[in-house]
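S.K.: Sharing a model prediction with you, sequence too.
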Amino acid sequence: MSLVSPSPPLSELTSRQWQWIGAGFMMTFASMGGQTLFIAQFNTDIRAYFDLTDGQFAGLYTIATIFSATLIAFVGNVTDKFSPRFLSVICLIGLALMAIAMSLVTHWIVLCFILFGMRFFGQGMLPHIGQTAMSRWFNRFRGRALAFSQMGYTTGEAMLPFIITTALISLSWRSVWAIVAAFLIIVMLPLVLLFLRDPPDGKRAKERGDVNPDSAENSELTGAEWRRSKVLRDPLFWPLILGAMTLPALGTLYFFHQAHLVGVKGWDVTTYTAWFPIMSITGVSVSILSGFLVDRFSAHQLLPVFLLPVGVACLIMANFDSIWTVPIFLMVLAMGTGMTPSVVGALWAEMYGTTHIGAVRSLAIAGMVFASAAGPGISGAFIDAGINLETQSWFNGAYCFAISALYLVLQPQLSRRKMELDPR
């Protein structure tokens with residue numbers, strides 16, 4: 001029996017379905033306020049104000065993010081119980097309050113709580129809400145819906161780092177955070193409310209008797225037996241989560257420690273961030289392609305390749321110092337970051353169904369948030385110990401290749417699991 005899934009043309013998507021994808025895009029874009037790539041732009045100013053070393057600030061960031069990941073693991077299943085509209089409003093307001101607090105903070109202990117809130121509402125919950133909705137609402141278009149909604153992040157990474165580094169030339173870092181808070185409340189909150197006004201499982205749709213045009217063939221959720229407790233006992237879950245954690249761990253450290261990195265390489269930080277748009281363009285292109293491939297084949301079949309570009313990017317950073325290393329490194333890294341949302345995002349529905357997809361994804365999100373803390377934290381400790389990021393990149397690359405080989409070995413087991421849930 002073939003494992004190939006139907007991959008209908010995008011022209012079959014209705015305007016309401018595009019609206020739902022737009023909601024995912026907005027939530028992902030709004031999450032930038034809590035993403036490492038964004039917070040890293042304030043790294044130097046925050047460390048200078050609180051008199052922190054690279055390792056000390058990374059340690060605080062790690063502690064805050066670990067607590068964030070722990071909380072997400074416990075409360076992430078709210079996406080199975082409450083509407084995305086309700087949850088996104090709470091998280092946007094929470095993230096805006098953290099941005100206001102950041103503009104006023106004067107003590108490093110309070111800074112820890114603020115970082116915790118930013119990571120929980122921004123990096124953790126907002127993408128989790130959006131991606132869970134895409135996984136549940138879409139079936140034949142799941143890979144592409146995840147890819148398009150994730151473009152909110154790639155749009156943010158293309159625009160915001162350079163905008164922030166430029167703004168910090170004429171504005172204080174506190175003023176910039178106040179502007180961020182205003183943007184979240186005045187612009188992003190109304191947009192998310194607009195795009196989520198008529199979801200497929202909403203009250204209006206039920207009153208009209210609307211049926212989601214891209215639900216599963218039998219219109220029923222799958223994988224009812226896969227509750228979180230059973231998922232945690234599943235031997236396949238742990239290698240899957242290990243790979244899902246790899247990109248957050250490695251990708252974030254090259255941005256969190258960008259001040260250290262450009263110092264080691266002899267680059268200018270503005271030049272470094274000026275190349276981010278090419279990373280985003282590459283990421284968007286690869287994301288669309290991988291979304292199509294997930295819909296055409298399956299997520300688990302792409303697992304052996306999605307980390308290979310990340311491994312190559314690490315080796316590039318380990319070997320070359322020319323300024324032209326920057327765009328090449330960012331382009332290759334973006335190939336991995338572009339594949340991840342569709343491949344990893346669709347993987348959980350393939351392996352564990354959609355009945356408890358919010359709860360299952362909350363475990364994955366918690367692991368990925370934890371990894372995004374561990375990466376900069378461990379790397380910062382090595383930096384303080386005299387092992388710079390260039391040297392660390394050798395191990396990072398080898399790790400990516402090892403995980404890719406593991407996924408190749410696991411293909412027969414992953415294929416059997418998918419067949420059990422979806423025997424088409």
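M.R.: Okay, I see it.

S.K.: CA atoms for contacts and neighbours, from now on please.
M.R.: OK.

S.K.: helices or strands up against whichever strand or helix holds Ser342?
M.R.: Using DSSP states H and E, Ser342 sits in helix 325-352. Applying 3 or more C-alpha pairs under 8 Å, 6 or more residues apart in numbering; DSSP states H and E, one finds that helix 325-352 contacts helix 126-137, helix 142-149, helix 237-256, helix 276-296, helix 299-306, helix 308-319, helix 357-384, helix 411-421.

S.K.: at 7 Å what do you get?
M.R.: helix 142-149, helix 276-296, helix 299-306, helix 308-319, helix 411-421 (3 or more C-alpha pairs under 7 Å, 6 or more residues apart in numbering; DSSP states H and E).

S.K.: between the third one and helix 237-256, how big is the angle?
M.R.: In this case it means helix 299-306. Counting by axes from the mean of the first three to the mean of the last three C-alpha atoms, to 10 degrees, helix 299-306 lies at 40 degrees to helix 237-256.

S.K.: Which secondary structure elements does helix 299-306 sit against?
M.R.: So helix 299-306, by 3+ C-alpha pairs under 7 Å, 6+ apart, packs with helix 325-352, helix 389-409.

S.K.: Check Glu225 and give its pLDDT.
M.R.: With respect to pLDDT, Glu225 scores 82.

S.K.: That one: which element?
M.R.: Counting by DSSP H and E, Glu225 is part of no helix or strand.

S.K.: again, but for Ile323
M.R.: Using DSSP H and E, no helix or strand contains Ile323.

S.K.: SS state for the nearest residue to it once chain neighbours are set aside?
M.R.: In space, and not counting its chain neighbours, Ile323 is closest to Trp267: 6.8 Å by C-alpha to C-alpha, 6 or more residues apart in numbering. Counting by DSSP: H, G, I helix; E, B strand; the rest coil, the backbone at Trp267 sits in coil.

S.K.: which residues sit in contact with the closest residue to Leu146 other than its chain neighbours?
M.R.: Leaving aside its sequence neighbours, Leu146 sits nearest to Ser342 (C-alpha to C-alpha, 6+ apart; 5.4 Å). If a contact means C-alpha atoms under 7 Å, 6 or more residues apart in numbering, then Ser342 has 143-144, 146-147, 287, 290-291, 294 as its contacts.

S.K.: Check Leu408 too.
M.R.: Taking C-alpha under 7 Å, 6+ apart as the test, what Leu408 contacts is Pro304.

S.K.: again, only using 8 Å
M.R.: 303-304 (C-alpha atoms under 8 Å, 6 or more residues apart in numbering).

S.K.: what's the spacing between it and Gly251?
M.R.: 22 Å (C-alpha to C-alpha, to the nearest Å).

S.K.: where's Ile278 relative to Met331, distance?
M.R.: 7 Å.

S.K.: the more surrounded of those two?
M.R.: Using other C-alpha atoms under 10 Å, the more surrounded residue of Ile278 and Met331 is Met331, with 23 against 17.

S.K.: Can you tell me which helix or strand of this protein has the lowest average pLDDT?
M.R.: helix 203-208 (a mean of 67; mean pLDDT, DSSP states H and E).

S.K.: could you point out which element follows that one?
M.R.: Next element after helix 203-208 (DSSP H and E): helix 228-233.

S.K.: can you give me the offset of that following helix from its chain's centre?
M.R.: 23 Å (C-alpha atoms, centre = their mean, to the nearest Å).

S.K.: before we move on, back to that, out of the contacts of Ser342, which is nearest to Thr14?
M.R.: Arg144 (14.1 Å; C-alpha to C-alpha).

S.K.: Let me know whether that closest one touches Ser298 as I believe.
M.R.: No - applying C-alpha atoms under 8 Å, one finds Arg144 not in contact with Ser298, separated by 11.9 Å.

S.K.: who's more crowded, the two?
M.R.: Arg144 (28 against 24).

S.K.: picking that back up, will you turn the helices and strands packed on helix 299-306 into TSV that also has distance to Met188 and mean pLDDT?
M.R.: Shown next, in TSV, are the helices and strands packed on helix 299-306 (distance: least, C-alpha to C-alpha, whole Å; pLDDT from 0 to 100):
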stretch	distance to Met188	mean pLDDT
helix 325-352	22	86
helix 389-409	36	93
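
S.K.: and the ones you listed as CSV, adding distance to Leu421?
M.R.: Shown next, in CSV, are the helices and strands packed on helix 299-306 (distance: least, C-alpha to C-alpha, whole Å):
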stretch, distance to Leu421
helix 325-352, 7
helix 389-409, 20
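
S.K.: which of these sits most buried?
M.R.: Highest mean neighbour count of the helices and strands packed on helix 299-306: helix 325-352, a mean of 25 (counted as mean count of other C-alpha atoms under 10 Å).

S.K.: What number of residues are in the vicinity of the residue nearest to Ile323?
M.R.: Other residues close to Trp267 by other C-alpha under 10 Å number 16.

S.K.: pLDDT wise, what is it at?
M.R.: On the pLDDT scale, Trp267 gets 86.

S.K.: if I read this right, it contacts Trp324, doesn't it?
M.R.: No - using C-alpha under 8 Å, Trp267 is not in contact with Trp324; the gap is 10.3 Å.

S.K.: For the helix or strand where Ile46 lies, which residues meet the burial criterion?
M.R.: According to DSSP H and E, Ile46 maps onto helix 43-50. Residues of helix 43-50 classed as buried by neighbour count (16 or more other C-alpha atoms under 10 Å): 43-44, 46-47.

S.K.: got a list of what Ile114 touches?
M.R.: 98, 101-102.

S.K.: try 6 Å this time
M.R.: By C-alpha atoms under 6 Å, 6 or more residues apart in numbering, the contact list for Ile114 reads Met98.
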